[in-house]
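Undergrad: using only what follows, build the 3D model:
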Amino acid sequence: MLLKLFNDQITRYWENIREMLEASAPPLVGDNPGAVNQIMENILLGKMQCWVLYEQKGDVKAPEIRIYAMLVTQIWHEPGSFTKNLLIYALYGYSFVPEELWKSGLESLKRWAKKKKCYAIVAFTQVPRVADLVKMLGGDTSTTFLKLEIDK
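TA: Here you go, the predicted model:
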């Protein structure tokens with residue numbers, strides 16, 4: 001199941017979110033020391049969203065919850081046409097995610113993006129497993145993100 005976190009959950013679990021962002025923020029962030037705090041501010045202001053992919057088992061009164069992944073998204077307007085898309089800004093897996101859980105999580109994300117009138121869900125990745133899952137789910141993996149840093 002995919003759950004969008006509320007502000008009180010963001011602040012309560014901020015250290016976990018911070019660690020996730022430090023491990024998985026896009027390469028364009030560079031070595032900006034204030035980036036993670038700026039991202040937190042954007043999440044709290046509703047400019048970005050934080051999600052948890054989890055599975056719940058056991059008794060309703062004392063459920064066993066296993067968190068598989070965390071992600072941060074942002075509604076992103078393509079700069080040339082201003083087409084609205086949902087950008088998966090950062091994605092971090094804590095353990096191997098079963099295929100069915102990926103599928104249900106992405107379906108939830110698609111429904112949310114559709115309500116926000118997004119054209120597509122977009123992302124960049126360097127993780128072959130993520131690209132393979134997207135391809136398996138019918139997504140287009142033909143584009144590769146390239147980066148050439150400017151000398152300082």
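Undergrad: what about the least confident helix or strand in the chain by mean pLDDT, distance to the chain center?
TA: With mean pLDDT, DSSP states H and E as the measure, the helix or strand of the chain carrying the lowest mean pLDDT is helix 128-136 (a mean of 83). Chain-centre distance of helix 128-136: 15 Å, with C-alpha atoms, centre = their mean, to the nearest Å.
Undergrad: and stretch 124-135, by the same measure?
TA: Taking C-alpha atoms, centre = their mean, one finds the center of stretch 124-135 at 13 Å from the center of the full chain.
Undergrad: the least confident helix or strand of the chain packs against which elements?
TA: With contacts defined as 3 or more C-beta pairs under 8 Å, 6 or more residues apart in numbering; DSSP states H and E, the packing partners of helix 128-136 are helix 99-115. For the C-beta atoms, the positions are set from N, CA and C on the backbone; glycine is no exception.
Undergrad: what angle separates the least confident helix or strand of the chain from helix 99-115?
TA: Between the direction of helix 128-136 and that of helix 99-115, the angle (axes from the mean of the first three to the mean of the last three C-alpha atoms, to 10 degrees) works out to 70 degrees.
Undergrad: end to end, how far does stretch 108-127 reach?
TA: Counting by C-alpha to C-alpha, to the nearest Å, the length from the leading to the trailing residue of stretch 108-127 is 22 Å.
Undergrad: same deal with stretch 91-103?
TA: Distance between the two ends of stretch 91-103: 15 Å, counting by C-alpha to C-alpha.
Undergrad: which residues are contacting it?
TA: Outside stretch 91-103, the residues that touch it by C-beta atoms under 8 Å, 6 or more residues apart in numbering are 20, 23-24, 53, 55, 67-72, 123, 125, 130, 133, 136-137.
Undergrad: let's see 10 Å
TA: Under the criterion C-beta atoms under 10 Å, 6 or more residues apart in numbering, residues 1-2, 16-17, 19-25, 51-55, 66-73, 104-105, 123-125, 127, 129-130, 133-134, 136-137 lie in contact with stretch 91-103.
Undergrad: where in the protein is pLDDT low?
TA: 146-149, 152 (pLDDT under 70).
Undergrad: now the residue lying closest to residue 5 once chain neighbours are set aside: which helix or strand?
TA: Distance criterion C-beta to C-beta, 6 or more residues apart in numbering; nearest residue to residue 5, sequence neighbours excluded, is residue 50 at 4.6 Å. Taking DSSP states H and E as the definition, residue 50 sits inside strand 49-57.
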